[in-house]
Structure formats: C-alpha cells, structure tokens
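next one to model:
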Amino acid sequence: MSTINQTAFSPKEFQFLIGGQSAYGTQLLNALYAVDVDSVGFPSFGTNAVMDVRAGGRVLRADDFFQTQNAQVTEISVSGTAKVAVMDLLLKNVTDDNSAPYNITAGYEPTSVGTGSTPTLGDMKLFTIVITSPVTNSDMVFKDCVVTSLNLTGDANAEGGRVKFSATFKTGSKPVSLSLTSEAVDTAIGTDDIFMSTWGDSDKRMIAGVNHVLVNTFSLTLENDAYFQGIDSNGNHEMIGRAPEFSVTCDFNVKYDSITEPFINTFQTQTGDSGRTKMASTDNVASGSFGFDMPKSVFTNVAFAEGDSMALDLSMKAVASNTSTDDFFIIGIPPEV
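Below you'll find the model as predicted:
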C-alpha cells in the first residue's frame, strides 16, 4: 500500500538568485547572486491554450483542446529590504542607464533587446532568474528577464526609516527546471541598507517646490513595462521592447500644518507643473547617497489622513518638459561599503 509523502516545505525554503546575461537567449547558470528577500511571488505557469467549442456540438471535446508553451510570457515578483547592491542591479535595468545616479531625460528612448543582442554584462540589460526548490531537480530557471516595475517604500516610524522594495520581472522565454550545482551561486549580494535619513534635513527636501515638509512615509514606483514580439525555432519570443510610457509616481504621507495645507489648493488649481519634488540631501541628486528628483511634478490626489496627528496623503507624478535633454527623473544610491 502506497503512502503520501510526509515532507512539507515552507515558502521560506525557496531562494531567489539573479545574474546578468551577456547574450539574449543564453541563460546564466554560474556567478548567480543570492538575494536576501522576504518573499518570492511564485510565477504562474500559464500556457497559450484554446478551449473553444467547435462546430458540431455544444460541449468541449478532447480534440477541441489546444495548448502550447510557445510564445508565453511569465511574470515573477519579489520583495524585501532594499540593499544597495541589489538596487544597483535593478535600477540599471529598469532605467536603461548604466551608472548612478540613474537618469531619465524627457527624450528617453529605451533600448530593445532580442535575438543576436549581446549586451555588456555589467549593464544588466537582461537577467537570468532562478528560484531554487527544495525538491531535487526542480530549480526554476527564467532567462531573458527584464524589470517592469520597481517600488521603494519607507516609513520614518518603522525600522528606523529603512527602505523596502518590491520588483516585478517579465520574460518571453520558456522556463526550464533543473538542478543547480552549489558553484552556481557566486555570493550573497547586498549587505548595506538604505535609509530615509540619508535625505538630510528638511531644507533640502521639497514636495511641489515646498521645503520643510515633514514626511512620515513614501512609496516611489517606477513603471517601465515590456512587450514581446516574434517567435524563434524554440518557441521563445525574439524581441523585448518597452511599453510606450515610462511612469514615475510617488505617494507621501505628510504632517498637515500651515506648510502643507496649501497643497489642497495647488491640487485643485494646478496646470502642467506644480513644482519640483526632491528627496535628497544635496541640491542635485548625487551617486553617493540615496535620493530621487522629479524636476517637474503634478498632484494626482490630495486627501486628509487621520493618525496620531492629522496628515495629508499626497500622490505625485513626474512630468517632462518639452526639451528632450531635460531631466525627467533622477535617482541615486549610496556606494556599497
């Protein structure tokens, strides 16, 4: 008489590994970095399926059914504490810039990658992601991944203002299962935390051009979605392009007082630009510390928020000037010690 398997695994037993690729379609299976994350959003194993009832009956017949792994798109998500080295990898990819501070101009033109592309490894244009499994020969490998969304959050009253992150990746190449050797993991990456305190004092920070705003929390989101085209002889997509809009938004919870009360009127009467929104310790965002800058921004919402003291919830969006060389968004991170 057979019995059920008595082994049960915790979601925490799965590990998240990442590494840059130097060629489209060629997965990296050595020198992968182990990223310390809180959780992994396990991918859905969707396929391209057709279950339409064809003429000749009212029910789905077995030969009506069609399914293939060809040309599928897989999404993977991960979240944890924002470490300097990890953010360096992810920001290079999502901004398509290869050095800090990462800069998006008003004339931003993304780089497409595909069959025949051989990006410089250090530029992190493409990733191989591996989610290791405690089941033998079941490590999940996803090549040709790009970051489509990166979110950074912080709460001044939690963990000393330590910054958290979540990221979403997409790939148009088929996942594979295998067993990695221990040599595949080069090293754990990222030991240095990032803190809101590196923004400095309130005379340097500003929201919609206003200094001395007391910020309780923030949530910064960079959205640079991807689309996939073509199909090669292995059933994988041949090209990755970026969606029509690179979007940068930020939500703040700030203390309600005489400094922030005018934001309500600004929101109701604003035109194309409500002023600069910058969280940085210097006049211009530098590579030596964490900070970000929307040279032009608008409110997308302002609302009262109750708490220990009255507050305002602010939602901002970066907007560009009409000059293509002008900065649209800048973000800096400190160097890894």
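
what is the subsequent helix or strand relative to the helix-or-strand element of the chain with minimal mean pLDDT?
Ranked by mean pLDDT, DSSP states H and E, the weakest helix or strand in the chain is strand 185-189, scoring a mean of 66. Going down the chain from strand 185-189, the next helix or strand is strand 206-207, by DSSP states H and E.

enumerate every residue touching the closest residue to Thr171 other than its chain neighbours.
Among residues not flanking Thr171 along the chain, Cys145 sits closest, at 4.5 Å (CB to CB, 6 or more residues apart in numbering). (C-beta placed from N, C-alpha, C; glycine too.) Cys145 sits next to 76, 126-129, 169-171 when contact means CB atoms under 8 Å, 6 or more residues apart in numbering.

in contact with the nearest residue to Ile259 once chain neighbours are set aside, which residues?
Leaving aside its chain neighbours, Ile259 sits nearest to His212 (5.6 Å; criterion: CB to CB, 6+ apart). By CB under 8 Å, 6+ apart, the contact set of His212 is 202-203, 259.

format the residues you listed as JSON lines; extra columns: neighbour count and pLDDT.
Formatted as JSON lines, these follow (neighbours: other CB atoms under 10 Å; pLDDT from 0 to 100):
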{"residue": "Ser202", "neighbour count": "13", "pLDDT": "89"}
{"residue": "Asp203", "neighbour count": "8", "pLDDT": "90"}
{"residue": "Ile259", "neighbour count": "16", "pLDDT": "97"}
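
how about the strands of the stretch 151-300 of the chain, start to end?
164-171, 176-178, 185-189, 206-207, 210-211, 215-223, 226-229, 239-242, 247-255, 277-279, 291-294, 297-305 (DSSP state E, counting those that start in this stretch).

does anything pack onto the fifth one? Which helices or strands?
When you say that, I think you mean strand 210-211. Taking 3 or more CB pairs under 8 Å, 6 or more residues apart in numbering; DSSP states H and E as contact, there are no helices or strands that strand 210-211 lies on.

just to revisit the earlier point, mean pLDDT lowest where, among the strands of the stretch 151-300 of the chain?
Among the strands of the stretch 151-300 of the chain, strand 185-189 carries the lowest mean pLDDT, at a mean of 66.

still on that earlier bit, hey, what's the residue nearest to Thr171 bridged with?
Phe127, Thr171 (DSSP bridges).

if I look at it, how far off is Lys92?
13 Å (CB to CB, to the nearest Å).

could you do Lys170 as well?
17 Å.

again with Ser281
Taking CB to CB, one finds Ser281 at 23 Å from Lys92.

Ala23 too?
Applying CB to CB to Ala23 and Lys92 gives a distance of 17 Å.

and the two? which has more neighbours close in?
Lys92 (20 against 17; other CB atoms under 10 Å).

now do the phi/psi pair for the more buried one.
For Lys92, the backbone dihedrals are phi -60, psi -40 (criterion: degrees, to the nearest 10).

now it: how far from Ser99?
Going from Lys92 to Ser99 by CB to CB gives 8 Å.

just Ala71 next, same as before
34 Å.

just the element for Ala34, please.
Taking DSSP H and E as the criterion, Ala34 maps to strand 32-35.
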